[in-house]
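In: With the input below, show me the fold.
(chains A and B)
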Amino acid sequence: GAVVSQHPSRVICKSGTSVKIECRSLDFQATTMFWYRQFPKQSLMLMATSNEGSKATYEQGVEKDKFLINHASLTLSTLTVTSAHPEDSSFYICSARSGTIYQPQHFGDGTRLSIL
Amino acid sequence: EDKVVQSPLSLVVHEGDTVTLNCSYEVTNFRSLLWYKQEKKAPTFLFMLTSSGIEKKSGRLSSILDKKELFSILNITATQTGDSAIYLCAVEKETSGSRLTFGEGTQLTVNP
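Out: Next up is the predicted model:
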């Protein structure tokens, strides 16, 4: 149980392109979903938290107009990197948890984004 | 400021060895401590600890939490090459909206 699916796993595109990443909880209802960014040999950096039906809460220093997050249903959240530039190249990971207390976050497999 | 500190940062052992990974934390309003294993992709969940002194076990892996001393250990016995990974410790707060604060991770390499 507790499977989180993230697509695509790899994206290579030109500078200026917008890229959408999907995160789905397959066998549970995800009240809250999280988006992380991970640089090589570093730990996960939280970008934003989204609750179903609400606007996402962004961490300090994360541009909300650059990283658009939508959490329209209890099983789907999307992250859109708008007008991506090479400095946006990174490993993006989503996680999801149910609304019950003492439930862990479960992670998707991540998306490696390369902007040329 | 909340802190989660893992040690060692890197560890190289031989197959069959037993390893102990450490995680200490300083957070207010502690709710739970979680261990994850990260190989090439995203982290996979290992344990969630909420109470002191109660060992959680899964196969060769076990973990325990000490809320008085503010630390946790993750033990792996009879290590195998497949245990090679980064092990991440994270802490959840009561007041954080379920956000996790991660440690830097311990890179474990198990050589045959």
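In: Distance of the nearest residue to residue A:113 once chain neighbours are set aside relative to chain B?
Out: Across the structure, with C-beta to C-beta, 6 or more residues apart in numbering or on different chains as the measure, the residue nearest residue A:113 apart from its sequence neighbours is residue A:11 (5.0 Å). Where you see a C-beta, it was placed from the backbone N, CA and C, and this is true even at glycine. Residue A:11 sits 15 Å away from chain B, going by C-beta to the nearest C-beta, to the nearest Å.
In: Relative to the helix or strand encompassing residue A:11, what are the paired strands and their orientations?
Out: Element membership for residue A:11 (DSSP states H and E) is strand A:10-13. Strand A:10-13 pairs in its sheet with strand A:111-115 (parallel), by DSSP bridges.
In: ok, residues contacting the partner strand?
Out: The contact list for strand A:111-115 (C-beta atoms under 8 Å, 6 or more residues apart in numbering or on different chains) reads A:6-15, A:17, A:19, A:21, A:81, A:84-93.
In: Make a PyMOL selection of the buried ones in the residues you listed.
Out: Remark: buried members of the contacts of strand A:111-115, expressed as a PyMOL selection using 16 or more other C-beta atoms under 10 Å in any protein chain shown:
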select buried, chain A and resi 6+11+19+21+81+84+88+89+90+91+92+93
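In: So which of the contacts of strand A:111-115 are in strands?
Out: Counting by DSSP state E, the contacts of strand A:111-115 place A:6-7, A:10-13, A:19, A:21, A:81, A:90-93 in strands.
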